[in-house]
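**Q** Take this sequence and fold it.
(2 chains)
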Amino acid sequence: RKEVEQDPGPFNVPEGATVAFNCTYSNSASQSFFWYRQDCRKEPKLLMSVYSSGNEDGRFTAQLNRASQYISLLIRDSKLSDSATYLCVVNGEPSNTGKLIFGQGTTLQVKP
Amino acid sequence: NAGVTQTPKFRVLKTGQSMTLLCAQDMNHEYMYWYRQDPGMGLRLIHYSVGEGTTAKGEVPDGYNVSRLKKQNFLLGLESAAPSQTSVYFCASSYQSGVAYNEQFFGPGTRLTVL
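**A** Residues are numbered from 1 along each chain as shown, chains lettered A, B, ... in the order given. Below is the predicted model of the structure:
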């Protein structure tokens, strides 16, 4: 079983749609969670951290369910510019290395 | 600030050739990482470093060596390239803050093809 699993998609949605991505992780002791965004042929960049209570950044909402070891990302009112691959990320071990474990990514294509 | 830079951006090698990929960061980060990204596999950690003069193996270290002689530079070497090493290589860095996990900043990547 992969340490971080995501549905690779692609998710094809029209502009203005709401879309949700899910991710599961295998290590119940994981403590830090992130979503990164990667544009085609570019490097990954941090989109947002995921906090236990859930958090929102504009049109983006991240949720964490520790009991189910499940992370989600909700995008409201999709824009063409949201087209990218979204990477679910969980901390690696040990903690004094800063290592992160990346899921393979979910591809989103927003169409006019 | 340039952030994280990688040299070269593209390279084509023949099987058995060697090369070194250079990563440089100007953010005074302690931690640096080398990843490879292949279709359907996501980012996989090759080697990493928690400080100048220290390196450690990641998930897929075979066929690669690294060195961190200066804090700002992290070099990835391929001694004898193989077609299986065709990939996009990303370098990343992050700052150290106790037990917290911090954002990793990535370079633009190196696209390597081994024929």
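**Q** who's in contact with the closest residue to residue B:18 other than its chain neighbours?
**A** Counting by CB to CB, 6 or more residues apart in numbering or on different chains, residue B:79 is the residue found nearest to residue B:18 once chain neighbours are left out, at 5.3 Å. Every residue, glycine included, has its C-beta placed from N, CA and C. Taking CB atoms under 8 Å, 6 or more residues apart in numbering or on different chains as the definition of contact, the neighbours of residue B:79 are B:18, B:63, B:65.
**Q** Closest to chain A out of the residues you listed?
**A** residue B:65 (18.7 Å; CB to the nearest CB).
**Q** Contacts for the host helix or strand of that closest one, please.
**A** Using DSSP states H and E, residue B:65 sits within strand B:64-67. Here strand B:64-67 makes contact (CB under 8 Å, 6+ apart) with B:34, B:46, B:47, B:49, B:55, B:74, B:75, B:76, B:77, B:78, B:79.
**Q** So which of those residues wins on neighbours?
**A** Top of the contacts of strand B:64-67 by neighbour number is residue B:74, holding 31 neighbours under the definition other CB atoms under 10 Å in any protein chain shown.
**Q** Doesn't it belong to a strand?
**A** Yes. In this structure, residue B:74 lies within a strand as judged by DSSP: H, G, I helix; E, B strand; the rest coil.
**Q** ok, now how distant is it from chain A?
**A** 13 Å (CB to the nearest CB, to the nearest Å).
**Q** residue contacts, that residue?
**A** Taking CB under 8 Å, 6+ apart as the definition of contact, the neighbours of residue B:74 are B:23, B:25, B:32, B:33, B:34, B:49, B:66, B:67, B:68, B:91, B:93.
**Q** host element of the nearest residue to residue A:20 once chain neighbours are set aside?
**A** If you skip the residues right next to it in sequence, residue A:20 has residue A:74 as its closest partner in space, 4.8 Å away by CB to CB, 6+ apart. Residue A:74 belongs to strand A:70-75 when assigned by DSSP H and E.
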